[in-house]
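> Sequence isn't available, so here's the structure alone:
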């Protein structure tokens with residue numbers, strides 16, 4: 001997104017917390033229940049094409065670094081927190 005983020009923002013702290021929990025689940029191989037998130041997933045990708053670009057970068061990083069396929073639910077939660085951090 002090419003943004004300067006204010007590290008004191010609560011939304012950025014929430015994004016950071018979510019990333020830590022996601023990393024912990026991946027490293028501990030904990031399953032994540034898949035809720036019906038198709039509509040939210042599609043909404044974010046339609047809303048701004050940058051989400052698709054960022055999400056692809058995150059997916060490649062997760063696959064390469066952790067051999068983890070990002071679920072749609074994980075992707076939606078990331079997009080929600082990214083959206084809050086940038087808006």
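It's in. Because the structure is a prediction, the values reported are computed rather than measured.
> Can you give me every residue that contacts the residue nearest in space to the middle of the chain?
Geometric centre of the chain, nearest residue: residue 78, 2.1 Å, by CA atoms, centre = their mean. Applying CB atoms under 8 Å, 6 or more residues apart in numbering to residue 78 gives the contacts 15, 18-19, 22, 55, 58, 70. For the C-beta atoms, the positions are set from N, CA and C on the backbone; glycine is no exception.
> could those be laid out in CSV, adding secondary structure and distance to residue 40?
Output for the contacts of residue 78, formatted as CSV (DSSP: H, G, I helix; E, B strand; the rest coil; distance: CB to CB, whole Å):
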residue, secondary structure, distance to residue 40
15, helix, 17
18, helix, 15
19, helix, 19
22, helix, 17
55, helix, 13
58, helix, 16
70, coil, 14
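> Out of those residues, flag the one nearest to residue 84.
Of all these, the one sitting nearest residue 84 is residue 15; the distance, using CB to CB, is 7.2 Å.
> isn't that closest one right next to residue 84, touching?
Yes: contact between residue 15 and residue 84 holds when scored by CB atoms under 8 Å: they sit 7.2 Å apart.
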